[in-house]
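**Q** I would like the atomic coordinates for the input below:
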Amino acid sequence: MSLLNEKDLLLTVAKAADDKRAEDIMALDMKGISLVTDYFLICHGNSDKQVQAIAREMKEKAEEQGYTIKHLEGFEDAKWVLVDLGDVVAHVFHRDERSYYNLERLWGDAPLVPLAQELEQ
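**A** Numbering: from 1, shown residues only. Modelled structure (predicted):
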């Protein structure tokens, strides 16, 4: 069991989302902006089943690295699933809900964390 630093945890969760074909995966650096977490990961799926599969994969991959999910909310409805890992909070939206809540705009002052290169590996 090896606990990762928060950036490695972010990449683990991002890769888990990518493995389940999540769309428009982005990460926001919340350090100095949020007292609750260091990173937000935001992505979406195109169906309830896909949203659940993405959240489930995130949970499993994080647990393989020794992390315990602090909170998992919204899984049954699969419209907006929040996966709270402490240093990383992942928001897995159903496509229709993502544009409505628009967290990217809400937290627009948070710098984007580049993920594309890591996800291509």
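**Q** can you give me the strands in the protein?
**A** Remark: strands assigned in the chain by DSSP state E are 23-29, 39-45, 71-73, 80-84, 88-94, 112-113.
**Q** right, so those strands: which one is the most enclosed?
**A** Comparing these by mean neighbour count (mean count of other C-beta atoms under 10 Å), strand 88-94 comes out on top with a mean of 26. Using the backbone N, CA and C atoms, a C-beta is placed for each residue, glycine as well.
**Q** Pull the residues that contact it.
**A** 6, 9-10, 13, 17, 22, 36-48, 51, 54-55, 58, 78-83, 101, 103 (C-beta atoms under 8 Å, 6 or more residues apart in numbering).
**Q** contacting residues around the closest residue to Glu6 other than its chain neighbours?
**A** Distance criterion C-beta to C-beta, 6 or more residues apart in numbering; nearest residue to Glu6, sequence neighbours excluded, is Asp87 at 3.7 Å. Shown in contact with Asp87 (C-beta under 8 Å, 6+ apart): Glu6, Leu9, Leu10, Thr37, Asp38, Tyr39.
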